[in-house]
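Chemist: Sharing a model prediction with you, sequence too.
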Amino acid sequence: MPTRPQFELPSYKEQDPAVAERLKRIYARPLVLDVRRLGKTFTTRSGDIDALRDVSFQVHRREFVTVIGPSGCGKSTLIRILAGLENPTTGHVQLDGKEACGPGADRGMVFQAYTLFPWLTVKRNVMFGLLNKGRGHSQAEADAWQWIRMVGLEKFAECYPHQLSGGMKQRVAIARALANQPRILLMDEPFGALDAQTRMNMQSCLQQIWQNVNITIVFITHDLDEAILLADRIIVLAAHPGRIAEVIEVPLIRPSAFDSPPHRRADGRSGFSGDASTLE
Ligand code: ADP
Ligand code: MG
């Protein structure tokens, strides 16, 4: 009987020294997010649903963590708890060492469903949070421009959401979330509704943003390719109850955020207000 050819594939657990070095640098950074023994039980008429059980992990400054798992394993529940939109049944979440309760401007959210205000232009959508925080109109407008440029939508600043494609709407959602200068960006399958080509464009747009901006990202996906492409680490969830099955350190050699110098403006200042002072 013919035998199958045997391939010697390297295990993802065997790390290249360059990858190990990059991860060591990430783990040396301060913790942004500390998730401890999170549990969530939904009580329904047909019984209790253990959406999450004993979920613990930590995310370091400027780390990109993706969370992957099958439908119904608690990904959205997890990110909603991190965002303060849902209370955990057990356990707790710390952001920068402080208990995070309720939603706050320190956490930016981008959802799969388009959540722009349909009655506001792109520019006004991005300015919305800044004006709410009490920023003067001209400062809010200048800041909004910076983010609109970063996501490549200068020509569409005066358009309304219904005039934009799905990818463009998600660019605005990212710009709007980042304009508020959150400590962490939480993304729940943000590219899940996009076609394959747009999705690839958005992945590279997000990578560029992450390399230029001082931001920590937790990104939910059910697409393994996307998880590997984007992340420093992948948290794999299993379902019923939703729990951590494995944490994978992505063994790819690639530039990590801020391994190269951050984007600089022509005037020599950091392109993004607030980030230059907080780099390590
Ligand atoms: P995922 O995002 O991974 O698809 P979810 O976090 O949306 O999973 O859901 C995890 C589990 O919790 C599912 O079994 C879902 O039916 C249940 N669930 C989520 N939200 C609620 C809710 N508000 N009430 C009852 N059950 C819920
Ligand atoms: Mg979900």
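Modeler: Received the coordinates, thanks. Ligands and ions are numbered 1, 2, ... in the order given.

Chemist: Kindly confirm my reading that T115 forms part of a helix.
Modeler: No - applying DSSP: H, G, I helix; E, B strand; the rest coil, one finds T115 to be coil, outside a helix.

Chemist: any idea how far it is from ligand 2?
Modeler: 15 Å (C-beta to the ion, to the nearest Å). For the C-beta atoms, the positions are set from N, CA and C on the backbone; glycine is no exception.

Chemist: how near is P30 to ligand 1?
Modeler: Distance, P30 to ligand 1, using C-beta to the nearest ligand atom, to the nearest Å: 29 Å.

Chemist: Show the pLDDT at that residue.
Modeler: Note on P30: pLDDT of 95.

Chemist: number of nearby residues for it?
Modeler: 9 (other C-beta atoms under 10 Å).

Chemist: you'd agree it is up against E63?
Modeler: No - if you go by C-beta atoms under 8 Å, P30 and E63 don't touch, sitting 10.7 Å apart.

Chemist: need the residues of this protein near ligand 1, please.
Modeler: Within the chain, the positions lying close to ligand 1 (C-beta under 6 Å from any ligand atom) are 42, 44, 49, 51, 69, 71-77, 242.

Chemist: Please repeat the previous calculation with a cut-off of 5 Å.
Modeler: Within the chain, the positions adjacent to ligand 1 are F42, I49, A51, S71, G72, C73, G74, K75, S76, T77 by C-beta under 5 Å from any ligand atom.

Chemist: Now, these that are in helices?
Modeler: K75, S76, T77 (DSSP state H).

Chemist: Now those residues in a markdown table, please, with extra columns for neighbour count.
Modeler: Converted to a markdown table, these look like this (neighbours: other C-beta atoms under 10 Å):
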| residue | neighbour count |
| --- | --- |
| K75 | 24 |
| S76 | 19 |
| T77 | 21 |
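
Chemist: and T77, what does it touch?
Modeler: If you count contacts by C-beta atoms under 8 Å, 6 or more residues apart in numbering, T77 has them with K40, A51, L52, E86, G242.

Chemist: now swap in G74 and tell me
Modeler: So G74 contacts K40, A51, L52, V55, L237, A239, P241, G242 (C-beta under 8 Å, 6+ apart).

Chemist: where exactly do the helices run in this structure?
Modeler: 17-28, 75-83, 122-132, 137-150, 166-179, 196-212, 224-230.

Chemist: For A238, give its distance to ligand 1.
Modeler: Distance of A238 to ligand 1, computed by C-beta to the nearest ligand atom: 11 Å.

Chemist: Could you check how many residues crowd around the residue lying closest to that residue once chain neighbours are set aside?
Modeler: Counting by C-beta to C-beta, 6 or more residues apart in numbering, A238 lies nearest to A245, which is 4.0 Å off, once chain neighbours are set aside. Residues contacting A245 under the criterion other C-beta under 10 Å number 13.

Chemist: oh, and call the first residue 837 from now on, that's how I've got it
Modeler: Sure, I'll start counting at 837 from here, so that last one is A1081.

Chemist: Give the residue spans of this protein that score low on pLDDT.
Modeler: 837-838, 840-841, 843, 845-846, 848-849, 1090-1116 (pLDDT under 70).

Chemist: In it, what residue lies closest to ligand 2?
Modeler: S912 (3.2 Å; C-beta to the ion).

Chemist: Excluding sequence neighbours, find me the nearest residue to that residue.
Modeler: Nearest residue to S912, sequence neighbours excluded (C-beta to C-beta, 6+ apart): D1024, at 5.6 Å.

Chemist: pretty sure that neighbour contacts F947?
Modeler: Yes - assessed by C-beta under 8 Å, D1024 is found in contact with F947 at 5.2 Å.

Chemist: which one of those two has more residues nearby?
Modeler: Applying other C-beta under 10 Å to D1024 and F947 shows that D1024 carries more neighbours, namely 22 against 19.
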